[in-house]
Structures are given as structure tokens and as C-alpha cells.
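> Below is the structure, and that's it, no one-letter string:
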């Protein structure tokens with residue numbers, strides 16, 4: 001929804017004025033004798049603001065009234081009143097309160113205090129950019145107001161510099177028009193019509209608000225406030241264009257230029273916070289304005305990198321846009337935006353795909369059963385995936401290897417990846433920061449690892465999660481696996497098994513073989529997913545075919561019991577045998593039992609069965625030890 005509406009009746013024919021300034025008598029009559037109407041002090045897309053004198057309480061007020069050229073219905077008036085009443089109940093020092101709301105003779109109005117100051121729009125027009133400390137303060141005070149409103153169930157929907165007042169005396173931020181944009185947005189039931197009326201401002205609209213994909217929620221306000229923050233710091237909005245359709249196309253399909261490239265020495269917590277709040281998918285933004293504010297202040301916050309568990313249909317892979325964005329873009333074009341879309345680059349050839357991320361190794365540390373190391377070396381198939389809950393750490397090359405690999409006389413590494421592989425951590429941090437600003441997923445991943453391990457920079461789990469989430473959203477396999485582990489264990493983010501499962505599924509879908517058995521077990525056990533034996537069997541099959549011995553055994557058990565697949569003792573025996581050949585203890589035990597009992601399509605063979613039983617016992621399988629002892633072995 002672009003928020004534009006069509007004129008339902010001719011103003012010339014009806015004799016309706018375009019402004020109460022030209023015909024103030026109706027407005028004076030609606031106000032009655034308690035107020036004295038003053039001068040027009042502001043006019044917007046759907047309302048005018050007049051100075052008013054409260055004759056009873058001897059105070060100066062502001063009167064906001066819906067423009068006379070807009071057609072009202074009883075439904076809209078009722079909705080306007082409900083929203084105004086909700087806003088009037090808000091109590092926060094950074095929200096301009098509503099004193100009264102009224103309707104008479106087809107006129108809707110509300111009364112507010114008259115703030116003697118200037119809007120943020122005026123400040124930006126005069127100064128261009130705002131210093132980082134002041135911009136941070138403005139964002140924090142606005143975020144406090146929005147958090148209070150959201151807790152009361154009120155979504156603003158039209159956050160922009162015009163609606164942020166800077167008080168002339170205290171310089172504190174005061175947000176205006178809470179809930180009124182929602183009341184005015186009645187195009188779905190045709191309650192209001194007018195020419196060129198835009199409910200919400202395109203440059204500050206969230207993608208989901210711009211295309212009308214459901215009712216905007218608090219995360220739409222978060223996106224808009226992040227746009228304001230971007231504008232304060234960079235001196236420009238992240239997405240601009242010559243017309244509404246061009247702006248909306250960019251909101252849907254383009255990424256903003258990284259602030260770190262536009263603002264020298266910008267603190268990383270400010271940059272990371274604003275860019276996360278500008279994510280296209282609302283689920284990838286912060287869960288609340290409170291968390292946004294804490295992140296802006298550099299705190300480590302639970303859930304700060306809010307990547308969700310995703311269904312298969314939601315998985316992001318290179319050169320594939322999220323379904324709702326792609327669908328919205330085509331609806332937008334078909335609705336008449338083809339020319340603007342071409343100007344915005346909708347029909348330009350897709351950029352060449354980025355080089356694939358290095359494959360993952362997931363293998364036990366030699367000589368131990370401890371953490372699994374993940375690095376950029378070639379995948380060694382047939383190894384076991386990390387057990388659920390075991391750490392996934394990213395191993396740097398050993399110090400001695402790194403030092404000898406780069407002779408002293410050699411030129412220092414020129415790229416983020418080179419410096420990372422050479423274990424030159426301070427240089428790696430600088431280079432990766434620069435390359436991450438260009439949306440390089442491997443640089444984002446490396447930067448996340450540096451923050452996570454405290455190499456070349458002070459350790460910061462929250463920033464680690466932010467950078468890893470950027471890389472994960474671009475299908476970097478290592479970053480996806482890292483985010484899965486973080487949500488599984490609550491490291492740097494709030495533990496969330498559904499999100500962990502979603503990331504493991506993403507990793508599996510983009511071909512990380514080590515994720516196959518994890519996804520299978522989670523479907524099997526109902527951990528993060530709804531229990532689904534069929535999906536479990538499918539992923540066990542994938543993992544088994546990739547050489548995972550434990551998955552071969554579980555797949556065999558599924559065929560043996562008919563769980564999630566058609567019961568087939570022959571296939572069960574084949575998979576047990578393949579796993580047993582790989583020295584998998586449970587499979588050795590199952591083969592032994594089949595041979596001893598003559599089941600699973602196998603002829604009874606006691607000597608062979610006892611041989612497999614001893615082998616399983618030697619490899620530590622408890623049931624094999626018990627059965628062997630029972631048989632006198």
C-alpha cells in the first residue's frame with residue numbers, strides 16, 4: 001500500500017475549501033466559545049495545525065484538525081476518536097500529550113500543548129548533519145517514547161523528522177502524532193479520500209508498510225526511526241528518488257550504503273544498531289525499542305541479533321529474494337510503477353554472484369572428543385556432525401604455522417581473508433571492518449569471529465552476533481552454523497531453540513552436510529521443530545548418503561520400525577551393515593542381533609552374530625556388553 005488515495009468528490013462542486021485558513025468560520029463554530037482560534041502554524045498531508053487560546057485555563061494550545069478537503073465517514077470519525085483516546089492515555093515525557101478530542105459538523109480535531117521549539121526537520125535543513133552524541137541522544141529519547149507507546153499497544157506509523165519536536169528550552173525530544181496516522185489509514189474500507197494524500201512518508205516507511213503486507217507493528221516504527229538516525233548522521237536518507245514509486249522500489253530491493261563509509265570514526269555500536277533496525281525483514285530487527293536503545297548505548301543485549309528460526313520457504317540464498325518482497329515488487333510494477341522501477345534498477349541485470357564461501361570442516365579435534373572446529377579448509381566427508389550442544393568454534397591457523405607461512409620479507413596481507421588466515425589479528429580487524437562496509441559476507445563473518453574470540457579487538461558477543469547475522473543472511477555457511485550454535489546455547493543472544501533449528505535448517509538447505517544430522521535429530525525429537533518423522537527420515541537419508549555413520553544407523557532404525565518411511569527390513573539391514581562396516585557401535589550391535597535371531601531378512605548365523613556382538617562391546621556399546629555377558633561371552 002503506497003498510502004495514496006483518490007478524490008471521491010469534486011471540491012469545486014461541493015464548495016469545500018482546501019484549508020480552514022481560507023474559511024475559518026466552520027472551525028470556530030466547531031470549537032465553541034471555550035477556545036479562541038489563532039493563526040495557521042503548520043499543514044501536512046492530512047491535517048492542519050492552528051494556534052489556539054484556551055480561554056478558561058488561560059493557556060496556549062495547538063489544534064490539529066483534519067483538512068476540510070478530505071471526505072470523512074462515521075467509521076473514520078469513530079476510529080479517529082479511538083486512536084486519539086489511546087494516545088491520550090500515554091504518559092511519557094517525550095510524547096506530546098493529547099488534551100482533548102472532538103468532532104462537530106463533520107470536523108475532527110484534537111488539542112495538544114503548544115510546543116515552542118523546532119522540528120528535527122528544521123534542524124536538519126539548517127545544519128545538514130548532527131554530531132554523533134546529539135544524534136544518539138535524540139534517538140534514545142525517541143526510542144523511550146516509542147517503547148512506552150508500544151507497551152500500550154499504540155504504533156505510530158509515521159515517524160519522520162517533522163514529527164520529532166526539539167523543545168526550545170530543554171532541547172528534549174517530543175514525538176507528535178502518535179496513533180493518528182493509524183486512524184487516518186482507512187483506505188482499505190474507503191473511509192477517507194483525497195488527492196495525493198500519503199499516509200506515512202515513503203522515505204521513512206518500512207518495506208512491509210510500503211507494500212501493505214499486513215498491519216504494521218512496532219518494528220515498522222523501529223525501521224522509520226533508524227532512517228531518521230541514518231539521516232541525522234549521514235546528512236541524507238538511505239533511500240531517495242524522484243517519485244514515490246522509485247523510493248518504494250529502493251526500500252524493497254536495495255541495501256543502504258553502510259554508514260561507516262559516510263561518517264568517519266562512527267562508533268561501531270551506533271552503525272551496527274542502525275543497520276540492524278534497517279533490515280528488510282522485520283524479524284531480523286530488534287525485538288523491541290528497549291533492546292534497540294540498549295544496543296545503541298553499546299550494551300550487550302540478549303536477542304540483539306534477532307535472526308529467527310526459518311521455514312524452508314523463508315531461507316535466504318544468493319540471488320533469491322524473500323517471497324514477500326519479490327511478490328510486492330511485482331505487484332508494485334504491475335500497478336503502474338514500471339518506469340520508476342526501471343529507473344530504480346529493478347530490470348537491470350543481476351550482479352555476478354559472489355564467490356562461494358569456503359566450505360566447512362566439522363571434525364573432532366585430533367586426540368580428543370571435545371569441541372568441533374570449523375574452518376575454511378575443504379570438507380572431509382564422512383565425519384560425524386557436532387553433537388547437540390557442543391561448541392562450534394572457529395580455529396585459526398596455529399601460531400607457528402602462521403608465522404612460517406608468511407616470510408618476514410613478504411608483503412603484509414592485503415585482504416581481510418589473507419590477514420585472517422595469517423593470524424595477523426589487528427590488521428585483520430582493520431581490513432575486515434573496511435570490507436564489511438562493502439557488504440562482503442566473508443568479511444562480516446571474519447569480523448564476527450574476531451569479536452567473538454577477542455582477537456584484534458575487545459571481545460564483544462553482541463557485535464559478534466550482529467556481524468555473523470549479516471553474513472548468515474547472505475548464506476555464508478560458517479556464519480549460519482555459528483548463529484545456529486549461538487541460539488542453541490544462548491551465547492551473545494537469547495537462547496531460542498526454534499531459531500537455532502531454523503539456522504541449522506538453513507545450513508542444511510545451502511549444502512552444509514554437517515547440518516544434515518542435526519536437522520534430522522531435531523525433527524526426530526521435536527526440538528525447535530514440531531516432531532516430524534518423515535522430515536527426520538529425509539534428513540537422515542541425506543546425512544547417511546553423505547557418510548555420517550550415526551545417521552546411517554538412525555535411518556536403518558526408521559526403516560526397521562517404519563517410522564517416517566515405509567517399513568523395509570531389507571533397507572534397514574543394508575544401512576545397518578554400512579554403518580557397522582564403518583565401526584559404528586550401535587549398528588554393529590543391531591547387525592549382531594539380526595544374525596543371532598535370524599531377523600531383518602538375514603539368515604541365522606550365531607558365530608557371525610557373536611563376532612559382531614564382541615566388536616560392538618569392544619567399541620563401548622552398553623547393550624552389547626550386557627548381551628555378551630548374558631551369553632557367557
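Yes, it's here. Quantities reported herein were computed from a predicted structural model and do not represent experimental measurements.
> use CA for all of it now, contacts and neighbours both
Fine.
> Please give me every residue in contact with the closest residue to residue 586 other than its chain neighbours.
Setting aside the residues directly before and after it, residue 586 is nearest to residue 621 in space (C-alpha to C-alpha, 6 or more residues apart in numbering), at 6.4 Å. Shown in contact with residue 621 (C-alpha atoms under 8 Å, 6 or more residues apart in numbering): 585, 586, 589.
> Make TSV out of the residues you listed and add neighbour count and secondary structure.
Shown next, in TSV, are the contacts of residue 621 (neighbours: other C-alpha atoms under 10 Å; DSSP: H, G, I helix; E, B strand; the rest coil):
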residue	neighbour count	secondary structure
585	27	helix
586	25	helix
589	28	helix
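> Including pLDDT, could these go into a markdown table?
Output for the contacts of residue 621, formatted as a markdown table (pLDDT from 0 to 100):
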| residue | pLDDT |
| --- | --- |
| 585 | 93 |
| 586 | 93 |
| 589 | 90 |
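> now those as TSV including distance to residue 165?
Output for those, formatted as TSV (distance: C-alpha to C-alpha, whole Å):
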residue	distance to residue 165
585	70
586	69
589	74
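> how close does the most centrally placed residue in the chain get to residue 473?
For the chain, the residue sitting closest to the mean C-alpha position, by C-alpha atoms, centre = their mean, is residue 284 at 0.6 Å. Using C-alpha to C-alpha, to the nearest Å, we find residue 284 at a distance of 9 Å from residue 473.
> again, but for residue 121
34 Å.
> low pLDDT regions in the stretch 1-150 of the chain?
The stretch 1-150 of the chain contains residues with pLDDT under 70 at 1-18, 44-46, 70-73, 75-76, 79, 83.
> Okay, helices next: where are they in it?
11-14, 25-31, 74-88, 120-127, 132-151 (DSSP state H, counting those that start in this stretch).
> Please apply the same query to the stretch 401-550 of the chain.
Under DSSP H, counting those that start in this stretch, the stretch 401-550 of the chain gives helices at 416-421, 425-436, 441-453, 461-473, 477-489, 497-509, 516-525, 533-545, 549-561.
> The ones you listed: which one's closest to residue 157?
Closest approach to residue 157 among those is made by helix 461-473 (25.9 Å; C-alpha to C-alpha).
> Remind me what that closest one packs against, helices and strands.
helix 268-277, helix 441-453, helix 477-489 (3 or more C-alpha pairs under 8 Å, 6 or more residues apart in numbering; DSSP states H and E).
> Which parts of the shortest one count as buried, going by neighbours?
Taking 16 or more other C-alpha atoms under 10 Å as the basis for neighbour counts, the residues of helix 268-277 that come out buried are 269, 270, 271, 272, 273, 274, 275, 276, 277.
> wait, doesn't the first one sit right on residue 298?
This points to residue 269. Yes - Residue 269 is in contact with residue 298 according to C-alpha atoms under 8 Å; the separation is 5.4 Å.
> if we can go back for a sec, okay, the helices and strands packed on helix 461-473 in JSON lines with mean pLDDT and distance to residue 572 next?
Formatted as JSON lines, these follow (pLDDT from 0 to 100; distance: least, C-alpha to C-alpha, whole Å):
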{"stretch": "helix 268-277", "mean pLDDT": "92", "distance to residue 572": "48"}
{"stretch": "helix 441-453", "mean pLDDT": "90", "distance to residue 572": "41"}
{"stretch": "helix 477-489", "mean pLDDT": "90", "distance to residue 572": "31"}
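> For burial, what's the neighbour tally of residue 29?
11 (other C-alpha atoms under 10 Å).
> go on, the one 10 residues further on?
Residues lying near residue 39 (other C-alpha under 10 Å) number 10.
> Now for it: which residues touch it?
21, 50, 51, 52.
> Tell me the spacing between the residue nearest to the centre of the chain and residue 494.
14 Å.
> Can you give me the domain boundaries for this protein?
For the chain, automatic domain parsing gives the domain ranges 17-113, 117-188+200-343, 357-532, 548-633.
> which stretches of this protein form strands?
35-43, 47-54, 59-66, 100-104, 107-113, 117-119, 164-167, 173-175, 363-364, 372-374, 392-394 (DSSP state E).
> hey, which of those is tucked in deepest?
strand 173-175 (a mean of 25; mean count of other C-alpha atoms under 10 Å).
> tell me what that strand is packed against?
So strand 173-175, by 3+ C-alpha pairs under 8 Å, 6+ apart, packs with helix 132-151, strand 164-167.
> Tell me which two of the contacts of residue 39 sit farthest apart.
Among the contacts of residue 39, 21 and 52 lie farthest apart (C-alpha to C-alpha), at 13.2 Å.
> Rebuild the helices and strands packed on helix 461-473 as CSV, extending it with distance to residue 210.
CSV is the format used below for the helices and strands packed on helix 461-473 (distance: least, C-alpha to C-alpha, whole Å):
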stretch, distance to residue 210
helix 268-277, 16
helix 441-453, 28
helix 477-489, 29
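> Nearest to residue 165, out of these?
Once the helices and strands packed on helix 461-473 are compared by C-alpha to C-alpha, helix 268-277 is nearest, at 20.8 Å.
> burial of residue 603, as a residue count?
Neighbour count of residue 603, defined by other C-alpha under 10 Å: 12.
> which residues does it contact?
residue 595.
> Let me see the backbone angles for it.
The phi/psi pair for residue 603 (degrees, to the nearest 10) reads phi -70, psi 150.
> Give me the pLDDT for it.
As predicted, residue 603 sits at a pLDDT of 82.
> How much space separates it from residue 593?
With the distance defined as C-alpha to C-alpha, residue 603 ends up 11 Å from residue 593.
> What of residue 422?
52 Å.
> Surely residue 158 touches residue 201?
Yes - using C-alpha under 8 Å, residue 158 is in contact with residue 201, at 6.7 Å.
> Please say which of the two ends up with more neighbours.
residue 158 (25 against 18).
> Any chance of CSV for the strands of the chain, columns distance to residue 443?
Converted to CSV, the strands of the chain look like this (distance: least, C-alpha to C-alpha, whole Å):
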stretch, distance to residue 443
strand 35-43, 47
strand 47-54, 48
strand 59-66, 50
strand 100-104, 54
strand 107-113, 50
strand 117-119, 39
strand 164-167, 36
strand 173-175, 37
strand 363-364, 24
strand 372-374, 16
strand 392-394, 14
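> so which of the ones you listed gets nearest residue 137?
With C-alpha to C-alpha, the closest approach to residue 137 among the strands of the chain belongs to strand 173-175: 8.8 Å.
> model confidence over that closest one, on average?
Rounded mean pLDDT across strand 173-175 is 92.
> Where does pLDDT dip in the stretch 401-550 of the chain?
Those would be 401-412, 437-439, if you go by pLDDT under 70 across the stretch 401-550 of the chain.
> ok, what's across the strand from residue 103?
residue 108 (DSSP bridges).
> Next, the contact list for residue 238, please.
Taking C-alpha under 8 Å, 6+ apart, one finds 203, 227, 230, 231, 256, 257 in contact with residue 238.
> What of residue 165?
Here residue 165 is in contact with 115, 117, 118, 119, 120, 173, 174, 175, 176 (criterion: C-alpha under 8 Å, 6+ apart).
> Adding distance to residue 613, write those residues out as CSV.
Formatted as CSV, these follow (distance: C-alpha to C-alpha, whole Å):
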residue, distance to residue 613
115, 85
117, 85
118, 84
119, 81
120, 78
173, 76
174, 76
175, 75
176, 77
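> any idea which of the residues you listed is closest to residue 504?
residue 175 (41.5 Å).
> The closest one bridge partners, please.
residue 95, residue 164.
> Am I right that it is in contact with residue 94?
Yes - applying C-alpha under 8 Å, one finds residue 175 in contact with residue 94, separated by 6.1 Å.
> shared neighbours of the two, which are they?
142, 145.
> residues in contact with residue 290?
Counted by C-alpha under 8 Å, 6+ apart, residue 290 has contacts 143, 144, 147.
> can those residues go into a markdown table with extra columns for neighbour count?
Below are the contacts of residue 290 laid out as a markdown table (neighbours: other C-alpha atoms under 10 Å):
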| residue | neighbour count |
| --- | --- |
| 143 | 24 |
| 144 | 20 |
| 147 | 24 |
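> Make JSON lines from those residues and add distance to residue 89 to it.
Shown next, in JSON lines, are those (distance: C-alpha to C-alpha, whole Å):
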{"residue": "143", "distance to residue 89": "18"}
{"residue": "144", "distance to residue 89": "16"}
{"residue": "147", "distance to residue 89": "14"}
